[in-house]
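# Prediction below, plus the sequence it came from.
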Amino acid sequence: MLRGIHATLDILSIRQAAVQTLHQAALQTLHQAAVQKLHQAAVQTLHQAAVQTLHQAAVQTLHQAAVQTLHQAAVQTLHQAAVQTLHQAAVQTLHQAAWCGSDVTLRGAWFVLSFCSRSCSRENENTGMILRKSLSCAYTCRPSQRLAASRGDHGGYLNINVHTCDDWYCTNPGAGVSKMATLRLKGPRVLWLALVCLAVLLLYIASSSRLLDVRDRVVLRKLVDDNVARGSALKLSDKDDVLKLNHTQAHAGIKSRGVGDKSAVLPPGHIACQRPHLLVHSDDVMKFFHAVDPLQCDAEPDWVSVRGSVASISKQAKLRHGGDIKCTFTEVLRLPDDDNVEDGDSRSTSSNFTFTASDFAKVSCSAADGEKWSSVVAGVRAKAVRPPSSWSAVPDDGLGVSVMALAVDSLSHNTFIRSLPKTYKYLKEALGAEVLDGYNIVGDGTAQALIPMLTGRTELELPETRRRVGSSAQKCDVYPLVWKDFQRAGFMTLFAEDLPDVGTFNYRLRGFDEAPAHHYMRPYYLAFQQQMSQHPQLCVRARPRHQVFLDYLHNFMVTYRDQPSFAFALHGELSHDDVNLVSLADDDLTAFLVRLRSDGLLDNTLFMLFADHGHRFTSIRSTQQGKQEERLPFVSFVVPEKIKKKFPAAYQNLRANTERLVTPFDLYATFADILHYKGAKLGHSSSRAISLFSQIPASRTCSDAFIEPHWCACLTWEPLPVTDARVQQAAAALVHYINSHTAAHRGLCLELSLLHITWAAILLPNAGVMAFKQNADMDGFVPNLEAQTPVTEEVYEVHISTSPGGAQYEASLTYSIKHNTFSVRMSDISRTNRYGTSSKCILNIDSSLSYYCVCPDLQ
């Protein structure tokens, strides 16, 4: 009988645990009598029936989870109840019976777990109760032995039943006999085992969806390189048919052309990368946006304020609290592991405190009326790592300006405009910012956005720095960060991030041994985390946390107003996980820009306000526009007058490049140009990194720019016959828009009609973008392309001639599948032939209509 128990335990992969626990005498007997008989039959049966059925991951999980839990429950019961009582009878029974297969059913009050054999040989036995097999077989049997051991009236007990069976029927020819061992557990132990099975199931589900841990960097680099190369020959394929499910016409006989196909003939007057024209307030995405309640910071103003390197106790606070206030400032010192801080020297004062050893300090104050106040404050210490250099000490071949690059995490081009409308308006209208409309990410997440921008290389092209690789990975000090070049050239440097747990160089990567810049804000947030629960949500006492971040940047710029400096900062708390919270910073960010301008801090500084990528963790990604926006983050430059006047060609190239395909690699080349300017050039399309002060070719494709297809926002296009019904509708809509635009001056401008269509094409998001679901690995290099995102919009390009006057126009019109409507921006309508004097009647009244107006006297 115990021989059957051993088979059961062997099936559950806990033979080793059970054998070690059983009494030595029982172990020897089982080994001699049962193991030799059952080893070949049971193991072979399990291998054929169970292993082939169960997923490898489930078996491994079952082994790890069940062994640990069942060891104390089942094995202890076997040892105490079964071994001593059943030793002779069970061994004798098992010895006499020749098992050819096994059906093992583990039955309890709440569950049944079965493993069934595929075949067995005939053996004469009596028949009785009906059993089920997994191979469409049925047979009858009855107990030939029933051996039981009880552990008391109120405890759990173990029943061991051995059945031998015949008269069974299979779909396969032949008959045979099988024996069944039933291990029946009652009482609390069955609950324990049920919980184990539930845990095994959950672990199996979790393991089946777990991200891949791909550590071979050579494999990853080859995967990325192959994807980029594949993009150069990307064409619409049969797989792309899903993108056209909603398209009413099948365009038979039209050759497909991809985003990187060099043989494709570009539409007249257009660049190779046709980016989607995404409506800022599209219905498809606006449903994800809503107003949020204002922050509720402390009502009482802070007792301590900071200006530059000096922290001062507020006079207003002293008046409110009866006179004297005494504060103790304890400087926060960074430790080399980059994940911890320690307290430095403390000093008590009733007036001012000057930062010396650190930019940050914990402060604890007591007032005359007994009230207390505490916080963590940030300034810019008077004596940094070294005294600042003057402009005369920096290389004379650069542009001669400082750099301030401020990033807001996870904001697409459109979301920036939606959520920060006041900031955007001030940027464009007051500061004259140049906004890059064609900026495209090159990978997933912040690290894949910033590492190419700061090093000119991908993470896979740099030394190994991933945390989970262990001690063999290096610290990020080995990275050739661009601000180190500025630092060696005499610039004071700053690097700031506000989310220490998910920092660019700390979440997956190992961080830094040495502080990466002269001023490094990570220690502030590590110290603040220790007392975060004492502050209102998203606040540091009376101030929003994002305001503390902006004030630190402002203090840095004030401190080094007259010295060369390079600052790089990323704020993510409001926008990393939410599309709406960032709107809380609109007023404060606008005020920050106003302060920079009014303080004259932008006169000699190239200011860059940008985002690393669009939203990645919100439902907006499930839409076509959301996927496209993720790949098109906001990037803008405020160029000082000094560059515009001294390097006009460089500035004009930057302006022209706002409409070209730009990547983080190009921003690295731009930073390098600021330090050592190489002149305004015509960039080559085969160059991965082209400075914005040089001209990026219109022929540049995603493959040229080292963008994998599933990250490429450029639209895939193919020509259409001019007789296509949707093309005809698009052309009619274009004429309608032109006539509507001139309707107010119908007495001067004739109403146009469609003469003929000379060219047409359809543009769609490429298949990789629409199929991208998420990362398949832990580092964002392997894509999961299982998504089936529905296409909700199509873009049609048409070239038409009109009458009277023969005016020719070209435009991109967006077709809404949901609403069956076309829309177009007037700025997207181009006049492609000379209009000469045909619009002279409107020139002195509204010159903006000269492209569209045909005067009556020129019919």
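Thanks, I have it. Note that the structure is a prediction, hence the values are computed from the model and not measured.
# C-alpha only now, for contacts and for neighbours.
Noted.
# which residue packs closest to Phe416, ignoring adjacent ones?
Of all residues not flanking Phe416 in the chain, Phe634 sits nearest, at 6.6 Å (C-alpha to C-alpha, 6 or more residues apart in numbering).
# Counting neighbours, what do you get for the one you found?
Counted by other C-alpha atoms under 10 Å, the residues lying close to Phe634 total 28.
# now do Asn784
Asn784: 17 neighbours (other C-alpha under 10 Å).
# follow-up on the earlier one: tell me the pLDDT of the residue nearest to Phe416.
For Phe634, the model assigns a pLDDT of 97.
# Sketch out the low-pLDDT regions of the stretch 351-500 of the chain for me.
Applying pLDDT under 70 to the stretch 351-500 of the chain flags residues 384-385.
# Recalculate using a threshold of 80.
382-389 (pLDDT under 80).
# so where do the strands sit in it?
Secondary structure of the stretch 351-500 of the chain (DSSP state E, counting those that start in this stretch): strands located at 352-354, 360-367, 372-378, 402-408, 434-435, 492-497.
# The second one pairs with which strands, and in what direction?
Sheet partners assigned to strand 360-367 using DSSP bridges are listed as strand 325-334 (antiparallel), strand 372-378 (antiparallel).
# Save those strands as JSON lines, and put in mean neighbour count and distance to Tyr677 too.
Shown next, in JSON lines, are the strands paired with strand 360-367 (neighbours: other C-alpha atoms under 10 Å; distance: least, C-alpha to C-alpha, whole Å):
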{"stretch": "strand 325-334", "mean neighbour count": "23", "distance to Tyr677": "36"}
{"stretch": "strand 372-378", "mean neighbour count": "21", "distance to Tyr677": "35"}
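# Using a markdown table, lay out those together with distance to Leu748.
Below are these laid out as a markdown table (distance: least, C-alpha to C-alpha, whole Å):
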| stretch | distance to Leu748 |
| --- | --- |
| strand 325-334 | 73 |
| strand 372-378 | 64 |
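# hang on, His518 packs against Met492?
Yes. The pair His518 / Met492 is scored as a contact, 6.5 Å apart, by C-alpha atoms under 8 Å.
# The two: which is more packed in?
Comparing His518 with Met492 by other C-alpha under 10 Å, the one with more neighbours is Met492, at 27 against 16.
# wait, what's in contact with the more buried one?
The contact partners of Met492, taken as C-alpha atoms under 8 Å, 6 or more residues apart in numbering, are 388-389, 486, 518, 560, 563-566.
# Next one: it relative to Thr837, how far apart?
Separation of Met492 from Thr837 (C-alpha to C-alpha, to the nearest Å): 58 Å.
# before we move on, the earlier item: wait, the residue nearest to Phe416 touches Asp409, no?
No. Contact status for Phe634 versus Asp409: not in contact, 10.1 Å apart, counting by C-alpha under 8 Å.
# Could you name every residue contacting both of the two?
611-613.
# Output the residues you listed as a markdown table; include the columns distance to Ala767 and pLDDT.
Putting the shared contacts of Phe634 and Asp409 into a markdown table (distance: C-alpha to C-alpha, whole Å; pLDDT from 0 to 100) gives the following:
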| residue | distance to Ala767 | pLDDT |
| --- | --- | --- |
| Ala611 | 25 | 97 |
| Asp612 | 23 | 95 |
| His613 | 20 | 93 |
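# Considering the residues you listed, which possesses the most neighbours?
In the shared contacts of Phe634 and Asp409, the most neighbours by other C-alpha under 10 Å go to His613, 31 neighbours.
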